[in-house]
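Asker: fold the following for me, if possible:
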Amino acid sequence: MDWVRTINEAIEYMEENLTEDITLADISKSVNLSAFHFQRAFTLLTDMSPAEYLRKRRLSQAGSELAKGDGKVIDIALKYGYDTPESFTKAFTRFHGVSPAQARKGEPIRFMSRYTVRITIEGGCIMEYNIERWEAMELLVHAKEFNAETSEEEIPKFWDEYYADEEYRKIPGYLGVCAQEKAGRNEFKYGIGCKASDVDGVPDGFEVIHIPEYDWAVFKCVGPAPKAIQDMWERIYKEWLPVSDYELIPDVDIENYLPGDAASKDYVSEICIPVKKK
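Answerer: Here you go, the predicted model:
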């Protein structure tokens, strides 16, 4: 998959539908990705979420129309997805620094142009990774479904809940497993656990996830968790995927938290993603 082209196609879809009621699922489906996969890629490559991009572009366009004297405030508010003049005025003022009425009178407004994603080659930092062939395996996880738009805040809470439960804590929780859903859905499954072979049976609250045989790209992350892993995810999407001979298989990815002091600057963890040759 050409990540630059794919994200730019998604931006084109959003631009064509700024005045329509589109969802994250709609956007990700337009480029044939799961909502989670698209949300993560877009956010890492643009430093803002798809929802934030849509909101800012809509408010930018609304400001331009008001400045030109095109239409009533209520009509422009409805056009760009706001149900009431009050909600529009609040969002508009927060973005532009002036109210819709002030914008109409000629007060300066802000403009955010549409994004175009390009990859630039910078620095010479080394990324340590291996391509490894893993046989099919089964993982034992305590899992739940998350919304792609709120998962960044909710998954850390899920880890806290896991370790706060005495029964769950009896199962080694060293793997974070993200099982992506098909394009067109906002939800995906995320689980915490271990290899199924580490435990006898399937304890209450857990399930077994079967993962087919794949080639895996295994990235070494050095530094305190979770920051080291978060930083590596950004580098994978910005530096490795655009120029690599491999592309992601949109199925399951794994974060492996190895033994050691997770707060140490020398702590080692891993990101494992299934890949195939381009």
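
Asker: run through this protein and note the low-pLDDT ranges.
Answerer: 1, 119-126, 181-184 (pLDDT under 70).

Asker: just the strands in it please.
Answerer: Here the chain has its strands, by DSSP state E, at 129-134, 137-147, 175-179, 187-195, 207-211, 214-222, 246-248, 252-257, 268-277.

Asker: tell me which of these lies nearest to Ser49.
Answerer: Comparison of the strands of the chain against Ser49 by C-beta to C-beta identifies strand 137-147 as nearest, at 12.1 Å. Where you see a C-beta, it was placed from the backbone N, CA and C, and this is true even at glycine.

Asker: may I see the buried residues of that closest one?
Answerer: 139-143, 146 (16 or more other C-beta atoms under 10 Å).

Asker: next: stretch 32-48.
Answerer: Going by 16+ other C-beta under 10 Å, stretch 32-48 has these buried residues: 33-45.

Asker: cool, stretch 16-31 as well?
Answerer: Result for stretch 16-31 [16+ other C-beta under 10 Å]: buried residues 18, 22, 24-31.

Asker: dump the residues you listed to TSV, plus distance to Asp2.
Answerer: As requested, those are exported to TSV (distance: C-beta to C-beta, whole Å):
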residue	distance to Asp2
Leu18	24
Ile22	23
Leu24	21
Ala25	22
Asp26	21
Ile27	17
Ser28	16
Lys29	18
Ser30	15
Val31	11
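
Asker: what's the closest of the residues you listed to Trp134?
Answerer: For these, the nearest to Trp134 is Ser28 (27.0 Å; C-beta to C-beta).

Asker: domains of this structure?
Answerer: As assigned by automatic domain parsing, the chain contains the domains 3-104, 129-277.

Asker: highest mean neighbour count out of these?
Answerer: Highest mean neighbour count among the domains of the chain (mean count of other C-beta atoms under 10 Å): domain 3-104, with a mean of 18.

Asker: in this structure, what residue spans correspond to helices?
Answerer: 3-16, 24-30, 35-46, 50-67, 73-79, 85-96, 100-104, 151-164, 166-169, 227-235 (DSSP state H).

Asker: between those helices, which one is closest to Val208.
Answerer: Going by C-beta to C-beta, the one of the helices of the chain nearest Val208 is helix 166-169, 15.5 Å.

Asker: wait, what's in contact with Met232?
Answerer: 127, 219, 221, 271 (C-beta atoms under 8 Å, 6 or more residues apart in numbering).

Asker: okay if I get those as CSV plus distance to Lys68?
Answerer: Output for the contacts of Met232, formatted as CSV (distance: C-beta to C-beta, whole Å):
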residue, distance to Lys68
Met127, 48
Phe219, 49
Cys221, 50
Ile271, 48
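
Asker: nearest to His210, of these?
Answerer: Once C-beta to C-beta is applied, the member of those that ends up nearest His210 is Ile271, at 20.8 Å.

Asker: contacting residues for the closest one?
Answerer: Here Ile271 is in contact with 218-219, 221, 229, 232-233, 236, 253-256 (criterion: C-beta under 8 Å, 6+ apart).
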